[in-house]
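**Student:** show me how the following folds:
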Amino acid sequence: MIDFRYHLVSIVAIFLSLAVGLVLGASFLPDKFAGVLRSEVTRAQQSNDDLRDQLTDQDSRIKGGEQFAGVLGPQLVAGRLKDEQVVLVETPGSNDKIREQVAKAVTDAGATYTGSVNIQNKYFAEDQVEVLDQLARAVKPGGVTLSETGTPYDRAGAVLASVLVTDQASRAGREEAAGGEVLAGFKDRGYVTTSGKPGARATLAVVIAPSTLYTGKSGEIGNRALVSLTAALDDAGRGTVLAGPSTAAEDGGLIAVLRGSDTGARVSTVNTADTASGQIVTVLALVTEITGKSGNYGIGSGANGYLPTPVPTTEKRT
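**Tutor:** Numbers count the residues shown, from 1 in each chain. Modelled structure (predicted):
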């Protein structure tokens with residue numbers, strides 16, 4: 001959808017440049033050649049007009065589809081996440097508007113939105129790795145086992161996930177003292193900020209991918225840390241979806257990195273979450289996650305399809 005518009009605009013520009021070049025070239029040629037070139041200019045201009053019409057038509061289709069999804073979205077997802085709780089995890093460079101719209105979509109689907117955790121850049125800083133690891137070990141709730149063969153980000157992710165999500169219905173929606181201590185420890189160190197009550201354990205999580213690509217060594221570290229956190233959320237709860245715009249699925253983007261990792265086989269991704277239809281897909285991906293299935297949804301070569309197929313039903317899940 002987006003790629004088509006980009007290429008169509010490029011083609012229009014090429015034809016326009018060609019037409020200008022032909023006009024300029026014709027002014028220096030004999031009449032018998034000038035007539036031929038003028039005909040080519042006319043044809044180029046017509047092609048340019050046709051492409052502009054296609055672009056206008058494509059824009060209208062996109063806007064119409066988004067209007068349809070925006071108006072009927074609440075009806076399409078109603079009840080699909082009944083009795084579930086959802087926490088959102090925002091990453092550095094993620095879009096607040098996407099977070100707001102995804103939060104609305106999950107509540108429209110009947111879920112309780114517990115709150116959000118916003119990961120800060122300090123979480124990835126090279127000089128904080130050991131401090132982060134020590135913190136994770138210090139605030140680890142009882143009953144949580146940390147891997148000694150994993151990375152500090154694996155351990156920090158496991159600790160955070162243990163207080164944000166659960167796969168046990170009896171513990172869902174409940175704030176516990178240990179969870180408050182964990183979040184307070186990460187907040188006091190400047191690694192996260194929170195809104196709402198993310199400590200009231202959710203059953204599902206949505207990680208909002210950065211809209212801009214991380215670059216350089218620090219970018220690689222950031223992506224690895226976020227993949228570890230996303231994997232931990234999926235392990236501790238009933239399912240996790242990584243959602244973001246199409247840029248996040250480009251080379252170096254968090255969605256692309258996760259899709260290429262071992263975690264990609266068990267965490268669903270959506271790279272159209274900046275659109276009304278993509279927010280519906282995010283809800284459907286969460287429903288599919290509950291059934292134990294994962295997929296890569298959206299547009300581009302890394303997607304299995306635009307949405308889960310078959311579309312999950314609203315039947316009561318256990």
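**Student:** what's the first helix or strand after the one helix or strand N118 maps to?
**Tutor:** Element membership of N118 [criterion: DSSP states H and E] is strand 112-119. Next in sequence after strand 112-119, counting helices and strands by DSSP H and E, comes helix 129-139.
**Student:** show the subsequent helix or strand relative to that following helix.
**Tutor:** Toward the C-terminal end, the helix or strand that comes next after helix 129-139 (DSSP H and E) is helix 152-164.
**Student:** how about that next one as PDB, C-alpha atoms only?
**Tutor:** Taking only C-alpha atoms (Å, rounded to 0.1, in the frame of the first residue of the first chain), the coordinates of helix 152-164 have been written out as PDB:
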ATOM      1  CA  PRO A 152      21.800  -9.000  31.600                       C
ATOM      2  CA  TYR A 153      19.000  -7.900  29.400                       C
ATOM      3  CA  ASP A 154      17.500 -11.400  29.500                       C
ATOM      4  CA  ARG A 155      17.500 -11.100  33.300                       C
ATOM      5  CA  ALA A 156      16.200  -7.600  33.500                       C
ATOM      6  CA  GLY A 157      13.500  -8.500  31.000                       C
ATOM      7  CA  ALA A 158      12.500 -11.500  33.000                       C
ATOM      8  CA  VAL A 159      12.200  -9.500  36.200                       C
ATOM      9  CA  LEU A 160      10.100  -6.800  34.600                       C
ATOM     10  CA  ALA A 161       7.900  -9.300  32.800                       C
ATOM     11  CA  SER A 162       7.200 -11.200  36.100                       C
ATOM     12  CA  VAL A 163       5.400  -8.200  37.600                       C
ATOM     13  CA  LEU A 164       3.700  -6.900  34.400                       C
END
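**Student:** could you check the angle it makes with strand 112-119?
**Tutor:** Angle, helix 152-164 to strand 112-119, by axes from the mean of the first three to the mean of the last three Cα atoms, to 10 degrees: 150 degrees.
**Student:** what angle separates helix 152-164 from helix 129-139?
**Tutor:** Going by the same axes, to 10 degrees, helix 152-164 makes 30 degrees with helix 129-139.
**Student:** buried residues, helix 152-164. List them.
**Tutor:** Across helix 152-164, burial judged by 16 or more other Cβ atoms under 10 Å covers 152-164. From N, CA and C alone the C-beta is placed, and that goes for glycine too.
**Student:** and what of stretch 167-183?
**Tutor:** In stretch 167-183, counting by 16+ other Cβ under 10 Å, buried: A172, G173, A178, G179, V182, L183.
**Student:** can you check stretch 213-229 too?
**Tutor:** Neighbour-count burial for stretch 213-229 [16+ other Cβ under 10 Å]: L213, Y214, G219, I221, G222, N223, R224, A225, L226, V227, S228, L229.
**Student:** for stretch 127-145, same thing?
**Tutor:** Q128, V129, L132, D133, L135, A136, V139, K140, V144.
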